[in-house]
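Engineer: sequence first, predicted model second:
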There are 2 protein chains.
Amino acid sequence: MGNEAGRRATIVDVAKKAGVSKSTVARVLAGSPNISDEAAERVRAAVLATGYERNHLAVGMRSGRSGLLGLVIPDITNPFWAEVARGAQDRAAQEGVSLLVFSSDWDAAKEASHFRALRQARVDGAIINPVADNLDDLDRFGMPFVLIGSSAERFPDTSSVGSDIAQGVRLGMDILLAHGHRNPALILGPKSRLARARFLRAVHDHCVELDMDPSVLRTEDSDYTVDGGRAAMHKLLAAADKGKPLSVFCANDLMALGAILAVREAGLSCPDDVSILGFDGIPSGAFSWPGLTTIEKDGRQIGSTAVISLFEEMAGRSDHHRIYVPCRVVERGSVANLSAAKVGRVA
Amino acid sequence: MGNEAGRRATIVDVAKKAGVSKSTVARVLAGSPNISDEAAERVRAAVLATGYERNHLAVGMRSGRSGLLGLVIPDITNPFWAEVARGAQDRAAQEGVSLLVFSSDWDAAKEASHFRALRQARVDGAIINPVADNLDDLDRFGMPFVLIGSSAERFPDTSSVGSDIAQGVRLGMDILLAHGHRNPALILGPKSRLARARFLRAVHDHCVELDMDPSVLRTEDSDYTVDGGRAAMHKLLAAADKGKPLSVFCANDLMALGAILAVREAGLSCPDDVSILGFDGIPSGAFSWPGLTTIEKDGRQIGSTAVISLFEEMAGRSDHHRIYVPCRVVERGSVANLSAAKVGRVA
DNA sequence: GTGAAAGCGCTAACAC
DNA sequence: GTGTTAGCGCTTTCAC
């Protein structure tokens, strides 16, 4: 325990044991260069002997750095956000700081109360997927922060890290096209959501790049849920030409999983009759039948990049910036290769 | 900001504004009873006017309570542990404390380093799914803690909260029996794992209760993975009587999902030819085809109960205890009802 | 019912 | 290169 009294050792105990002053100990601990080798050695020995461990509360109080970072995400139970949290955790550990994690449930009141907790804990900075429409709470207290997720774009003059949706959509369209699917249908989220507009815009932009007419693409609006995707798929199926191969690009994986269900319910086969492409990369996509081919967002990368960005922000050594983390294709089995199939039939 | 200088308001600013002493402010904040209504009112007004928020670092330093709790789980990315974290988070928020979350990856070295972080942050207590074989690190520093998950049973003289595996296994066997499945096969984890023995023992115990001979049950050892379950299922299929309905109780959901895959690969149907029951309740089970019928562990409940237990532990107002949180059945479609099927054929 | 004063463990000037 | 000193913001005796 470090001393006779049985309390935890303090810097004074270490100083006494090493026969130096508090400041010398503090300097060794901080890795200051102006220390004699001998003193440093004695301090290190004393630290070991006493079992001393720095009291971050005291450090934080004096230095103004608590060694704590805050992370506020919608729901730690959502696999994408869990990945983000993991990425942030690992990076924070690497930097020697710890992470306070909060779930907001997309609820502004909860978010506000988490912000209060962050301020009271005197976190050195925060990584936030914002739900409320203003960040005054944070600004007012001068807490450095970095926004994550795509909703961050609502806020000018902030740093943010999110998925590169435009690139992901390009990837998705290209996969579909490369596999022989012309004019895929689109299952989108509800009109109210910003994400819907961004996804759609990305599709349009890429169509234009490809000399395709985007207005030809059939779209179906729905909720970002399994049931939403299922319902949308049923509508698409009802309106589709029988016998003609159909392909669908869903704006998230949950809807894509629902679409697969709907195809089976209609007595059709995925991918033989209809090909389905998702967007997210949730783990459940690996266990559906067929496995879901999807565009995967890199949550872990977003989390770790956000920590790095936050450190920049804390150091104030950079302007605000937006970082877009690229997505990647995960091919499983829900998108048929039409060209290959034709070759097969010929043979 | 609370004062002219633009720094965050302190208790002194509040005291000045309210025209009372620091101590009076502190007493109001702490909810002490011996305060005149008038003073209390003026303090409250001053708090609002200054935008004062308690500095938890200073509070912790002086009072010895940081208002921080630690949570060390194997992986926040694992849906079960994410549920646990969420339960703990919500309960902690309710109690006015914040949660530091760490992932150990079942790695003793990482665990040790997280313990150090917990000690340095001076958390008031910790909730831990232990990987290492001893908890001396924690004991030595007198940090109150509660163990979670079933591995906790390795440690005598500790408090713990985990799933009631015995009850869950009973639930599973009863579902199988009720649906007309005699003598289900068992897909278990590797021999090295404690969890395997506990699961098997629970099955045996329940068989004895039911006057069944447990030695009649075919078992297959494997890894706790999708591929493990798939391989085990193929072996079971190879050894099974053709045409006779087969049922399998898997010790976790990942293996069960693999088993479903194997059944399809063998050209058979689940649940028509073989029924599969899982154990865990992971979200992916809802998206497989057929949906996985399983015994669900209540991670959220475990998390929130662990926080309550930890508070008991911190208050020292109870002996060590073990709490077993009950599991529940989630019926989806992977277990056929043999009795119902027969009725159907007759009709 | 309230105030004055001490001090938690540490860092950061400032001296030497 | 090292020691001395003054607090950081709060809680908690101890007076009155």
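Structural biologist: Cool, the structure landed.

Engineer: residue numbers of chain A in contact with DNA strand D?
Structural biologist: For chain A, the residues in contact with DNA strand D (C-beta under 7 Å from any atom of the strand) are A:19-24, A:27, A:34-36, A:38-39, A:61-62. Where C-beta positions appear, they are placed from N, C-alpha and C, glycine not excepted.

Engineer: could you redo the last one with a cut-off of 6 Å?
Structural biologist: Contacts of chain A with DNA strand D, taken as C-beta under 6 Å from any atom of the strand, map to A:Val20, A:Ser21, A:Lys22, A:Ser23, A:Thr24, A:Asn34, A:Ile35, A:Ser36, A:Ala39, A:Met61, A:Arg62.

Engineer: of those residues, closest to A:Val274?
Structural biologist: A:Met61 (61.8 Å; C-beta to C-beta).

Engineer: now name the helix or strand holding that closest one.
Structural biologist: Using DSSP states H and E, A:Met61 sits within helix A:56-63.

Engineer: so which bits of that helix are buried?
Structural biologist: Neighbour-count burial for helix A:56-63, counted by 16 or more other C-beta atoms under 10 Å in any protein chain shown, picks out A:His56, A:Leu57, A:Ala58, A:Val59, A:Gly60, A:Met61.

Engineer: low pLDDT regions in the stretch 201-347 of chain A?
Structural biologist: A:340-347 (pLDDT under 70).

Engineer: ok so, going back, now the two most distant members of the buried residues of helix A:56-63.
Structural biologist: Among the buried residues of helix A:56-63, A:His56 and A:Met61 lie farthest apart (C-beta to C-beta), at 9.4 Å.

Engineer: near chain B, which residues of the stretch 101-250 of chain A show up?
Structural biologist: A:101-103, A:113-114, A:116-117, A:119-122, A:140-141, A:226 (C-beta under 8 Å from any C-beta of the partner chain).

Engineer: narrow the residues of chain A next to DNA strand D to those in helices?
Structural biologist: Counted as lying in helices by DSSP state H, out of these, are A:Lys22, A:Ser23, A:Thr24, A:Ala39, A:Met61, A:Arg62.

Engineer: and of those residues, the nearest to A:Ile295?
Structural biologist: A:Met61 (46.6 Å).

Engineer: quick one, what contacts the residue nearest to that closest one when sequence neighbours are not counted?
Structural biologist: Leaving out its chain neighbours, the residue that sits closest to A:Met61 by C-beta to C-beta, 6 or more residues apart in numbering or on different chains is B:Leu57, at 4.7 Å. Shown in contact with B:Leu57 (C-beta atoms under 8 Å, 6 or more residues apart in numbering or on different chains): A:Leu57, A:Gly60, A:Met61, A:Ser66, A:Ala121, A:Arg122.

Engineer: likewise for A:Leu277?
Structural biologist: Listed by C-beta under 8 Å, 6+ apart, the contact set of A:Leu277 reads A:172, A:175-176, A:184, A:247-250, A:256, A:293-295, A:334-335.

Engineer: most neighbours, which of the residues you listed?
Structural biologist: Of the contacts of A:Leu277, A:Cys250 is surrounded by the most neighbours, 35 neighbours in total, counting by other C-beta atoms under 10 Å in any protein chain shown.

Engineer: that residue and A:Arg182, how far apart?
Structural biologist: 18 Å (C-beta to C-beta, to the nearest Å).

Engineer: swap in A:Asp272?
Structural biologist: 17 Å.

Engineer: dump the residues of chain A next to DNA strand D into CSV; add pLDDT as well.
Structural biologist: Formatted as CSV, the residues of chain A next to DNA strand D follow (pLDDT from 0 to 100):
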residue, pLDDT
A:Val20, 93
A:Ser21, 92
A:Lys22, 91
A:Ser23, 92
A:Thr24, 93
A:Asn34, 82
A:Ile35, 87
A:Ser36, 88
A:Ala39, 89
A:Met61, 94
A:Arg62, 93
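
Engineer: ok, those vs A:Arg154, which is closest?
Structural biologist: Among those, and counting by C-beta to C-beta, the member closest to A:Arg154 is A:Met61, at 35.5 Å.

Engineer: if I pick that closest one, what's in contact with it?
Structural biologist: B:Asn55, B:Leu57, B:Ala58, B:Met61.

Engineer: can you give me the pLDDT of the third one?
Structural biologist: In this case it means B:Ala58. The model reports B:Ala58 with a pLDDT of 96.

Engineer: before we move on, back to that, pull out the buried members of the residues of the stretch 101-250 of chain A next to chain B.
Structural biologist: A:Val101, A:Phe102, A:Ser103, A:His114, A:Ala117, A:Arg119, A:Gln120, A:Ala121, A:Arg122, A:Val226.

Engineer: now, which of these lie within strands?
Structural biologist: A:Val101, A:Phe102, A:Ser103 (DSSP state E).

Engineer: name the nearest of these relative to chain B.
Structural biologist: A:Val101 (4.5 Å; C-beta to the nearest C-beta).

Engineer: so what's the closest one bridging to?
Structural biologist: On the basis of DSSP bridges, A:Val101 is bridged to A:Leu71.

Engineer: surely A:Gly278 forms part of a strand?
Structural biologist: Yes. According to DSSP: H, G, I helix; E, B strand; the rest coil, A:Gly278 belongs to a strand.

Engineer: mind giving me the domain split of chain A?
Structural biologist: What the record gives for chain A is the domain set A:11-54, A:66-164+A:299-326, A:165-297, from automatic domain parsing.

Engineer: can you tell if the shortest one touches DNA strand C?
Structural biologist: To tie it back to what came earlier, the one meant is domain A:11-54. Yes. Using C-beta under 6 Å from any atom of the strand, we find that domain A:11-54 touches DNA strand C at A:Ile11, A:Lys22, A:Ser23, A:Ala26, A:Leu29, A:Ala30, A:Arg54.

Engineer: tell me where the stretch 151-300 of chain A has strands.
Structural biologist: Secondary structure of the stretch 151-300 of chain A, counting by DSSP state E, counting those that start in this stretch: strands at A:160-163, A:185-188, A:219-221, A:246-250, A:274-280, A:293-296.

Engineer: will you turn those into JSON lines that also has distance to A:Ile128?
Structural biologist: JSON lines is the format used below for those (distance: least, C-beta to C-beta, whole Å):
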{"stretch": "strand A:160-163", "distance to A:Ile128": "10"}
{"stretch": "strand A:185-188", "distance to A:Ile128": "26"}
{"stretch": "strand A:219-221", "distance to A:Ile128": "29"}
{"stretch": "strand A:246-250", "distance to A:Ile128": "28"}
{"stretch": "strand A:274-280", "distance to A:Ile128": "21"}
{"stretch": "strand A:293-296", "distance to A:Ile128": "23"}
